[in-house]
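A.B. asks: based on what follows, work out the 3D shape:
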Amino acid sequence: MKDCKEKLAQAQIEIEELSVHVADMLGAALYFAGVKEDKVPNAADAYLDAIDAVYGDEDGEMGFKEIIRVIKYLKENKKDLFE
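C.D. replies: You can find the predicted model right below:
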């Protein structure tokens, strides 16, 4: 049982580390899409909201094309992030 708990704890740590890495990658993608560096945190929050605006309740994979579509939506609807 102890071994199982240790593996679970290690998996949780790895998930947290991957989450941070994915968040950093989103920030980089938004920056290279034209978001000003000081607005990246706000743009990341707006991105999460925009997923719902673009895709609603759809359950599906978020591949690179879907991510690009959401960023394009932000460029059209949240222009202040790109100024």
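A.B. asks: please count neighbours and contacts with C-alpha atoms only from this point.
C.D. replies: Will do.
A.B. asks: mind listing what His21 touches?
C.D. replies: By Cα atoms under 8 Å, 6 or more residues apart in numbering, the contact set of His21 is empty.
A.B. asks: against Gly34, how distant is it?
C.D. replies: 20 Å (Cα to Cα, to the nearest Å).
A.B. asks: and Phe82, by the same measure?
C.D. replies: Separation of Phe82 from Gly34 (Cα to Cα): 6 Å.
A.B. asks: give me the more crowded residue out of the two.
C.D. replies: For Phe82 versus Gly34, the count of surrounding residues by other Cα atoms under 10 Å is larger for Phe82: 18 against 15.
A.B. asks: now the helices for the chain?
C.D. replies: 2-32, 40-55, 64-77 (DSSP state H).
A.B. asks: quick one: average pLDDT of the first one?
C.D. replies: So that's helix 2-32. Helix 2-32 shows a mean pLDDT of 94.
A.B. asks: name the residues of that helix that are buried.
C.D. replies: 26-27, 29-31 (16 or more other Cα atoms under 10 Å).
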